[in-house]
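Engineer: What follows is a predicted structure for the sequence shown.
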Amino acid sequence: MALDILYLCLCFCGLIFAIVLKVLFTPQSSDIDISGALVFFTIKLPFSDLPVSETQINSLVVIWSIFWLCRYLTHGISVHAKLKRQIVAEWIVEKTQNLVKSNMGDYFKSFAPFIAAIMGLSAFSSLLTLIGLYPPTSDINTTGGWAILVFFLITYYKFKCGPIHYLKSFGDPVPFLAPLNVISEFATPVSMAFRHYGNVLSGSVISVLVAVALRGLSGLIFGKLPGFLGDFPFLQIGIPAILSVYFDIFSGLLQAFIFAMLTMLYVAGGFPAEDYAARKAKRAARKSAAKHNS
Amino acid sequence: MLELAIGIILGGCALGAGAAMIAGIGPGIGEGNAVAKACEAIGRQPECKGDVTTTMLMGCAVAETTGLYALVIAILLIFVAPGRFVDILLNAIK
């Protein structure tokens, strides 16, 4: 019981830390602020300066919170599920494993933790807007980093049949289309990164614009009221939350799902399963023949 | 003269952002088609509603990408580009 509270406290103290940092460092201004991530401080390095911005801090906070949330869900589990949180944890694991198995096949069974991690990281990053923090996913560097990771995974699994097979796959229908194949190879991570980043960024930009427009409108309607009531933006109460349901919750979760889904499809689609199986069978046959001869 | 140059920069950025968002037409039509076909499929086979909805959302999000490229460019043109271009202009005058 004490551990429960400890883990949950550790989970939330990361978020509180991020909120405190944001409050301390945000410059005071009443203008619309679409300037991107705040830069907290810069580390001087020999070649170029390394700015430590809200993006990095918030990503680390999300990672920290998810880690302690997982610890909370899974500590003290038993074979016969007695605790509610164990059932939740088992449900998450089972759903991810089923999703990975049905989309990628049996060979990629071990991808389930990776997919769950990328989905959880992306979903919780986008959901940070709900408590007023800067979502790391609305920075191209975060999604770009994930996309590069996925690109290396795709290339690694394409290399499974050897470099010659990999090079051959570029001249797939006809050899003179090879340049286009190379371009489409690099377009995959770019489009993945921009899709996620564009969705989250557009949501926050539109939310800010609507909030500012509502402030102007309420100034127009209620501006004649005396004193404090005249300045108070009545229309800003509650109405932007309707947009937030779509842009922050639905769009953020959908993008997390789609990023994970595309990762699965690209990795499994790039892997030449039949050729790999044929190659493996050939090797096994050669090995057994060599053993037979000796 | 400088005001005129800065005005041209701001106007050009706003016009460019507006022109970039013409790309919103394509994803609109495409996603509308996708949802219409998904509705037809669900009407024909209500039992596979879950699968159809998942696939449709997935396809919609992929089809949205081109629109989002335009949106990103428009946002950059409105909020980032004017400052950069004015800086470039001022540096060039110096």
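Structural biologist: Nice, thanks for sending it over.
Engineer: now the spatially most central residue of chain B: how far from chain A?
Structural biologist: Residue closest to the average C-alpha location in chain B (Cα atoms, centre = their mean): residue B:71, at 2.8 Å. The spacing between residue B:71 and chain A, counted by Cβ to the nearest Cβ, to the nearest Å, is 5 Å. Heads up, the C-betas are built off the backbone N, CA and C, glycines and all.
Engineer: got the contact list for the closest residue to residue B:55 other than its chain neighbours?
Structural biologist: Sequence neighbours aside, residue B:38 is the residue nearest to residue B:55 in space, at 7.8 Å (criterion: Cβ to Cβ, 6 or more residues apart in numbering or on different chains). Counting by Cβ atoms under 8 Å, 6 or more residues apart in numbering or on different chains, residue B:38 touches B:52, B:53, B:55, B:56.
Engineer: And those residues, which of them are buried?
Structural biologist: Neighbour-count burial within those applies to B:52, B:56; the criterion is 16 or more other Cβ atoms under 10 Å in any protein chain shown.
Engineer: host element of the residue nearest to the centre of chain B?
Structural biologist: When elements are assigned from DSSP states H and E, residue B:71 belongs to helix B:65-79.
Engineer: What count of nearby residues applies to the residue in chain A positioned nearest to chain B?
Structural biologist: Of all residues in chain A, residue A:198 sits closest to chain B, at 3.4 Å by Cβ to the nearest Cβ. Other residues lying near residue A:198 total 24 when counted by other Cβ atoms under 10 Å in any protein chain shown.
Engineer: Repeat that for residue B:74.
Structural biologist: Residue B:74 is flanked by 22 other residues according to other Cβ under 10 Å.
Engineer: Residue A:104 too?
Structural biologist: Using other Cβ under 10 Å: residue A:104 sits among 20 other residues.
Engineer: now do residue B:17
Structural biologist: As a measure of burial, residue B:17 has 19 neighbours, counting by other Cβ under 10 Å.
Engineer: Give me the buried stretch members for the helix or strand hosting it, please.
Structural biologist: Assigned by DSSP H and E, residue B:17 belongs to helix B:2-20. For helix B:2-20, burial by neighbour count (16+ other Cβ under 10 Å) applies to B:9, B:13, B:16, B:17, B:20.
Engineer: Wait, the fourth one touches residue B:77, no?
Structural biologist: Looking back up the chat, that one is residue B:17. Yes. Applying Cβ atoms under 8 Å, one finds residue B:17 in contact with residue B:77, separated by 4.2 Å.
Engineer: So residue A:115 sits against residue A:267, correct?
Structural biologist: No. If you go by Cβ under 8 Å, residue A:115 and residue A:267 don't touch, sitting 9.5 Å apart.
Engineer: Surely the residue nearest to residue B:55 is in a helix?
Structural biologist: Yes. Looking at residue B:38 with DSSP: H, G, I helix; E, B strand; the rest coil, it is inside a helix.
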